[in-house]
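Sequence plus predicted model, see below.
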Number of protein chains: 2
Amino acid sequence: MPAMIQGNAVIGQSGGPTAVINQSLVGVVEKLREIGAGRPGSPIGRILGMRHGVRGLTKGEFHDLTDIERARLDRIAVTPSAALGSTRDKPDAAYCERIFDACRKHDIRYFFYIGGNDSSDACRIVNELARKAGYELRCFHIPKTVDNDLLVNDHTPGFPSAARFVAKACMADFLDNISLPGIKINVIMGRHAGFLTAASALARRHDREQGSTDGPQLIYLPEVPFDLDRFVHDVAEIYDRKGRCHIALSEGIQDAEGVAIGARLIKGAQVDAHGNVQLSGSGALGDQLADLLKEKLTPVGGKPPRVRADTFGYVQRCFPDASPIDQREARGAGHYAVELAVSGDSDGSVAITRTSTPGPWECYSVAFNRIELADVAAKTRHMPPEFIAGHNNVSLAFHDYCRPLVGPLPEFERFEGV
Amino acid sequence: MPAMIQGNAVIGQSGGPTAVINQSLVGVVEKLREIGAGRPGSPIGRILGMRHGVRGLTKGEFHDLTDIERARLDRIAVTPSAALGSTRDKPDAAYCERIFDACRKHDIRYFFYIGGNDSSDACRIVNELARKAGYELRCFHIPKTVDNDLLVNDHTPGFPSAARFVAKACMADFLDNISLPGIKINVIMGRHAGFLTAASALARRHDREQGSTDGPQLIYLPEVPFDLDRFVHDVAEIYDRKGRCHIALSEGIQDAEGVAIGARLIKGAQVDAHGNVQLSGSGALGDQLADLLKEKLTPVGGKPPRVRADTFGYVQRCFPDASPIDQREARGAGHYAVELAVSGDSDGSVAITRTSTPGPWECYSVAFNRIELADVAAKTRHMPPEFIAGHNNVSLAFHDYCRPLVGPLPEFERFEGV
């Protein structure tokens, strides 16, 4: 094992928080302390937490985590959202220069950053700047995003817990929908990738042979062009047959030209050819689609159908009911990043690879791997075609992929015919 | 003990479902079976579940629950939403005649109805019709509503579990808000009563001596007249000081004239003197208040404040994470209704009375009582003045009242200054 360079370690959290992002933070801290951080003779000096990510780093705003009490660390691990504070700053080249300057100033030799694809890109640029300057700086990206849209990774920490919330909320909401029948639209996070919306399929009582009659009956993903007329037709077909319809729909649905549906539906708004219009508010897409259905669907017995839309808001990314597997993996990804730092390998991003074959039997195992920062930096992964079924559903392969991630789901009972 | 009349028992569920409404259903069924329902010599014949409440009763649509397997009953009990199906029908006198006719037709002598104040009113009218006709029919109302707005009751089954969801969601969302600072509005259910919105206060890390600095910093209830200018002023004061603001707000907020704020804010809509305008969609109120804040608040560093609004939708009433106390009490209310039927007392509504004194020590106990149907029928309870503090907060007395109901809440850890 090559000798480690002497210096301080810095850790930051970036982008939208998750229910398990602090597990990764604690994973890094506890592993650095295991290898002696802050003790005489150790290559690692202080463990500095950046306040609000790289923004705090450039201002020299840190929490010193070197001597934090074990009990406090344990409580931080199970606390949702980013305990150090997060940031939406997307560092450009000039910003990365300032990050690099701060690293030099504070004698930082180990740089750990927990975040999505933008965060890994910042890691990559800072790393290159250091190399050009002949300053030894070890940069490690630890994956995090409820969108599940990082390349190479089987899935990313944060997604399983958010998927768990979506599945449980849709289970209960489907029962609500059959109890008081009507048309219900649930709008789910994921501007470019449909994984989280697809997780609503786990709310179905699943029968591999016969398929499922439990809702959501319709699932719309950003990966599949969305057509308003076809949508109305889909809903009408189910509503006419069942007197109710349960729909899961990504906030990022777009038409065949890539124009966001939300932007198209704002009445009287100026929309350019690329659909570059800000939605007026977070509930707008669901409300507009509900209005459209009320207008277009045939009244039953003289009464227009009862249509309601909920937009699952921020609560889906941080709800305090994390998937146990997600907690374990987020912590493990933190540990693994420190192992990379110790091993003498060069910089990189931690990736999760599945080592079991997805299938009806819920065997499940993963391994951590080091990949190049450039492999994930500023790139977006989408739902692969084999996870998508037709224009309004997900496949059994997606179900097999996602089911083990979310942890135990409740088993509910129903009377037939309700 | 007077002899019980011989006949069938019918049970129904009505109004918005809750996470524990099936506990009350199972409570009635298991207690009726305990006293021998369906067995030779028992005064109770069949146990009939109405499909979709009184609507199913008038059509003769039942689930026969007399011989349902114990294991299935146990699973039904922990299933959210109304297993028999619910209804929004509010029976008028003519409708109640049809209910009464159906009771006669199916030899029903025991009528159990789980619902809110409209349901208790239906019970009351059916009961009177039976008395006038000289038909012995025992009518029992079992309380249920997440709005917590039934008179006489200390609280109603369904509320504690919904309050638990609101508290946990606000805990996590507050941490989200301090991690990525901005202004966040959460719109919470309760068109006339503010109890559920008030439960957001349980998200605060509470210190009786020093008060709390944890969010939500502002809580707006339908009981307190809402003024748009004062709202903007309240938010600006906190935002200027902290750079962020976390707000809980009831969907039912109204101005001093009783006009719903949501109706007033719809741009270009016709609103009559009583505010009788349907909100265009479920996310509209939050979105409109967010737009108002973006427009009125002073930009910081040239940038308008980051304002987001979430409307906690149906998920808050049925989320599968019921309060243990709520589960127990909902089941107990079902048992108690059958005990009333056995005891020979006349008809009535089951009410929950607290027998412990609310205070900082979490001792907690309740008793069930029989009250007259007319005591709760078609009446609405509001937050009492002692639960309200100023125009944008709740009191410590509310906290002491609500805290024991929701069950254990997670304990989260924070770094100071984030």
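Arrived safely.

Helix, strand, or coil at residue A:248?
strand (DSSP: H, G, I helix; E, B strand; the rest coil).

typed the wrong thing, it's residue A:24
The assignment at residue A:24 comes out as helix when based on three-state DSSP.

what number of residues lie near it?
Using other Cβ atoms under 10 Å in any protein chain shown, the number of residues around residue A:24 comes to 31. All C-beta spots, glycine's among them, are computed from the backbone N, C-alpha and C.

Quick one, grab the pLDDT at it.
Looking at residue A:24, its pLDDT reads 98.

so it touches residue A:336, yeah?
No - because the distance of 9.9 Å does not satisfy Cβ atoms under 8 Å, residue A:24 is recorded as not touching residue A:336.

Point out the residues in the stretch 101-250 of chain A that sit beside chain B.
A:168, A:169, A:171, A:172, A:173, A:175, A:176, A:178, A:179, A:180, A:184, A:186 (Cβ under 8 Å from any Cβ of the partner chain).

what's the farthest-apart pair in the residues you listed?
Greatest spatial distance among those (Cβ to Cβ): A:168 and A:180, at 19.3 Å.

which intervals of chain A have sub-threshold pLDDT?
Low-confidence segments of chain A, defined by pLDDT under 70, are located at A:1-2, A:206-213, A:266-282, A:300, A:345, A:359-362, A:417-418.

Which residue would you name as the spatial centre of it?
For chain A, the residue whose C-alpha lies nearest the mean C-alpha position (Cα atoms, centre = their mean) is residue A:146; its distance is 1.0 Å.

just checking, that residue is part of a helix?
No - counting by three-state DSSP, residue A:146 falls outside a helix, being coil.

wait, what's in contact with it?
The contact partners of residue A:146, taken as Cβ atoms under 8 Å, 6 or more residues apart in numbering or on different chains, are A:16, A:18, A:158, A:159, A:161, A:162, A:189, A:196, A:316, A:317.

Quick one: mark the members of those that sit in helices.
Residues of these located in helices (DSSP state H): A:159, A:161, A:162, A:196, A:316, A:317.

List just the nearest of these to residue B:370.
Proximity of the ones in helices among the contacts of residue A:146 to residue B:370, judged by Cβ to Cβ, is greatest for residue A:316, which lies at 42.7 Å.

who's in contact with the closest one?
If you count contacts by Cβ under 8 Å, 6+ apart, residue A:316 has them with A:146, A:162, A:165, A:166, A:169, A:188, A:189, A:196.

cool, and residue A:193?
Contact criterion Cβ under 8 Å, 6+ apart gives A:147, A:148, A:149, A:222, A:223, A:252, A:380, A:381, A:382, A:383 as the residues in contact with residue A:193.

ranking these by neighbours, who comes first?
Note: the member of these with the most neighbours is residue A:148, at 28 neighbours, neighbours being other Cβ under 10 Å.

Isn't that one up against residue A:198?
No - in terms of Cβ under 8 Å, residue A:148 does not count as a neighbour of residue A:198; the distance is 9.2 Å.

quick one, strands of chain A?
Along chain A, the stretches classed as strands by DSSP state E are A:7-13, A:44-50, A:62-64, A:108-115, A:138-143, A:183-188, A:218-220, A:245-250, A:307-311, A:348-354, A:366-371, A:388-389, A:393-394.

Now the second one - C-alpha only, PDB.
It refers to strand A:44-50. Once side chains and other backbone atoms are set aside, the C-alpha atoms of strand A:44-50 remain, and they are given as PDB (Å, rounded to 0.1, in the frame of the first residue of the first chain):
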ATOM      1  CA  ILE A  44      -5.400  12.500   8.100                       C
ATOM      2  CA  GLY A  45      -5.500  15.600  10.200                       C
ATOM      3  CA  ARG A  46      -8.900  17.300  10.800                       C
ATOM      4  CA  ILE A  47     -12.200  16.100   9.400                       C
ATOM      5  CA  LEU A  48     -13.900  19.300   8.200                       C
ATOM      6  CA  GLY A  49     -17.600  19.300   7.200                       C
ATOM      7  CA  MET A  50     -18.400  22.000   4.600                       C
END
